[in-house]
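*Asks:* Give me a model of this one.
(one chain, ligands or ions: 1)
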Amino acid sequence: MSFEPRSIPVDPDAQAALSSKGLDYRLIDPSDLASLDGWIDADHRGFHHARPREVTRDYERRVMGERRLHGVFDSGVPDPIVPVATVSSWPTGLSVPGGRSVDGWAVSSVTVSPTHRRRGIARAMMEAELRAAKQAGAAVAMLTATEATIYGRYGYAPAARAATIEIDRRRARWIGPSAPGRVHFVEPASLRETAAAISRRAVARTPGEIDRWSGILDRMLGLVDPESDSSRALRAIRYDDEHGQPQGFAAFRVTREPNEPGWAEFDVLAAATDDAERALWRVLVEQDFVTGVRGRLRSVDEPIEWLLEDPRAVRVTEESDHLWVRIVDAAAALGARRYGAAGELVLDIADPLGYAAGRYTLLASADGRAVVHVPRSDGSTDGAGASGTSAAPKRERSRARAAGAEASGSRSAARAAEPRSLKLDVRDLASIYLGGVRPSVLARAGRITASSNGALDLADRMFASTRAPHLSIWF
Ligand SMILES: CC(=O)SCCNC(=O)CCNC(=O)[C@H](O)C(C)(C)COP(=O)(O)OP(=O)(O)OC[C@H]1O[C@@H](n2cnc3c(N)ncnc32)[C@H](O)[C@@H]1OP(=O)(O)O
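*Replies:* Below is the predicted model:
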């Protein structure tokens, strides 16, 4: 989505709501360094981080200067240039099943000073962000959450999980195939360009990943403050394929007590190919003089346990929600991804804030493409999706319905006149959207109601994703 995020004016509803509390909600002009620094200070304080050192502040100025920053100001505090609340947002792509991307609106840096909490400041800012996402033409809004109880009320729901994985070095005997290329140690600074190119390809093949912003790789590679102890401890490895082309990289640190073997810990392993993924894992788990390897923000379907003789060498020590998605434009979101099965499914979506509410007909064909029809108030239909047609094509519909019925092996279903349908809340749609949870699991939880078991079975197959959704960064 090419879009200047600051072109959207300050949200008048949030401005009015906060002004009625004696507060001033406004956009930060990043060229006004004093304001930008005040915002950065409030953001650090809000997340309980130490005051930024100068190198960190320079980095933050660079990254935040490209985002849409809002602050909420209270003229009655001793240092009124530091806002009492912050939020940042920017347009960015979200990878969806089928190797495609959907226009998204990322929201971050949501903080409210403890001196001003529980007065509705976060609510005003979050509702304004949804209106901005809509104005920007985003199909989804998204965030990563400090606490899982904050964002459901705005229609966000967990859409991709992440795991911490530990591997016991002594038991890690490799039985996987050997990769045709080679892994090399490289200086982190030399990886800057290559890592960006690899990351783009790794993001594109993984539903749940978001486009990397300029600067994030500097953070991952320890280049923001290269002289700090933690940056100097970082080691980078790169996988080059049999033709010498870089296809993956990882950065890790070995943390150890004197005279003890250490733990190799990594937060970043990005691979554009399966060979690269396996080769990097292999070097990480086959190190000597380490007790184990710990990878954070890994996928919940990481192949590592299938690459070792002893699968019990691998333990998932933590697994939780990570990416939260809010469907803003259901037709655009549903039309963007590819589906695991052909068929016709009606989705009756409830959305207390209105954005995605309505009855949508999803027509997926055997190649995974889908067309979404939304009834207009005059009874005709609007279409969105792969074909971009606007009339309801009867032939396409009967083909999709028959294909879905045939795949489920039911002749009577093939003849059925009634399309299969699900009733669900916008949050449930967000959770099934990338394939992170099956609709039938949410039906068992009493959250989704299906017109029949056949409808649920079809929904499970349609929303399935070959690769589990995975987001490997915080934002
Ligand atoms: C995407 C991100 O940036 S994630 C980062 C979130 N920020 C943090 O964790 C930093 C520390 N926390 C904070 O700064 C604040 O407590 C915030 C931002 C979470 C909440 O700000 P507040 O202004 O106090 O929230 P506000 O008064 O608008 O509350 C709105 C609703 O959320 C609820 N709520 C607010 N904070 C929390 C919380 N931590 N856990 C559960 N519910 C919460 C309120 O009870 C209220 O509920 P209701 O109106 O539906 O009955």
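*Asks:* going forward, measure contacts and count neighbours with C-alpha atoms only.
*Replies:* Fine.
*Asks:* Helices of the chain, residue ranges please.
*Replies:* 12-19, 33-46, 54-64, 121-136, 192-204, 216-220, 229-232, 274-285, 330-336, 394-407, 411-415, 426-433, 439-444, 453-463 (DSSP state H).
*Asks:* and the protein, what are its domains?
*Replies:* Following automatic domain parsing, one finds the domains of the chain at 5-138, 163-324, 330-463.
*Asks:* now Val293, nearest residue through space, not along the chain?
*Replies:* Take Val293 and drop its neighbours on the chain: the residue closest to it by CA to CA, 6 or more residues apart in numbering is Ala264, 4.7 Å away.
*Asks:* who's in contact with the one you found?
*Replies:* 252-255, 284, 290, 292-294 (CA atoms under 8 Å, 6 or more residues apart in numbering).
*Asks:* so where's the stretch 251-400 of the chain shaky on pLDDT?
*Replies:* Where the stretch 251-400 of the chain drops to pLDDT under 70, the residues are 375-400.
*Asks:* and the residue of it nearest the ligand?
*Replies:* Trp324 (8.9 Å; CA to the nearest ligand atom).
*Asks:* is it true that that residue touches Tyr154?
*Replies:* No: using CA atoms under 8 Å, Trp324 is not in contact with Tyr154, being 11.1 Å away.
*Asks:* Comparing those two, which shows the higher neighbour count?
*Replies:* Trp324 (24 against 17; other CA atoms under 10 Å).
*Asks:* ok so, going back, farthest pair in the contacts of Ala264?
*Replies:* Thr255 and Leu284 (13.7 Å; CA to CA).
*Asks:* Give me every residue in the stretch 151-300 of the chain lying close to the ligand.
*Replies:* Nowhere does the stretch 151-300 of the chain come near the ligand, counting by CA under 6 Å from any ligand atom.
*Asks:* quick one: the strands in the stretch 151-300 of the chain?
*Replies:* Assigned by DSSP state E, counting those that start in this stretch, the strands in the stretch 151-300 of the chain fall at 157-168, 182-186, 235-240, 246-255, 262-271, 290-298.
*Asks:* closest one to Arg338 among those strands?
*Replies:* strand 157-168 (16.2 Å).
*Asks:* Can you spell out which helices and strands pack onto that closest one?
*Replies:* strand 290-298, strand 314-327, helix 426-433 (3 or more CA pairs under 8 Å, 6 or more residues apart in numbering; DSSP states H and E).
*Asks:* Point out the most buried one among these.
*Replies:* helix 426-433 (a mean of 26; mean count of other CA atoms under 10 Å).
*Asks:* what's the offset of that one from the middle of its chain?
*Replies:* Relative to the centre of its chain, helix 426-433 is centred 13 Å away, using CA atoms, centre = their mean, to the nearest Å.
*Asks:* can you state the direction angle for it and strand 157-168?
*Replies:* Per axes from the mean of the first three to the mean of the last three CA atoms, to 10 degrees, the angle that helix 426-433 makes with strand 157-168 is 40 degrees.
*Asks:* the inter-axis angle of helix 426-433 versus helix 453-463?
*Replies:* Using the same axes, to 10 degrees: helix 426-433 against helix 453-463 is 60 degrees.
*Asks:* So for helix 426-433, mean pLDDT?
*Replies:* Mean pLDDT, helix 426-433: 98.
*Asks:* One more: stretch 85-94?
*Replies:* In the prediction, stretch 85-94 has an average pLDDT of 98.
*Asks:* which of Thr255 and Leu284 has more neighbours?
*Replies:* Regarding Thr255 and Leu284, a neighbour count based on other CA under 10 Å identifies Leu284 as having more, with 23 against 15.
*Asks:* Excluding covalently adjacent residues, which one is nearest to that one?
*Replies:* Leu284 sits nearest to Val293 (CA to CA, 6+ apart), 7.0 Å away.
*Asks:* could you list every residue that touches the one you found?
*Replies:* Val293 neighbours (CA under 8 Å, 6+ apart): 166-169, 263-266, 284-285.
*Asks:* Please apply the same query to Thr144.
*Replies:* So Thr144 contacts 108, 322-324, 474-475 (CA under 8 Å, 6+ apart).
*Asks:* May I ask you to confirm that Ser299 is in contact with Ala162?
*Replies:* Yes: between Ser299 and Ala162 there is a contact at 5.4 Å, judged by CA under 8 Å.
*Asks:* Overlap of the contact sets of these two?
*Replies:* 470-472.
*Asks:* Most neighbours of all those residues, which one?
*Replies:* Going by other CA under 10 Å, His470 tops the shared contacts of Ser299 and Ala162 with 28 neighbours.
*Asks:* For that one, which non-adjacent residue is closest in space?
*Replies:* Per CA to CA, 6+ apart, closest to His470 is Gly208, 4.9 Å.
*Asks:* From Val84, how far out is the one you found?
*Replies:* 32 Å (CA to CA, to the nearest Å).
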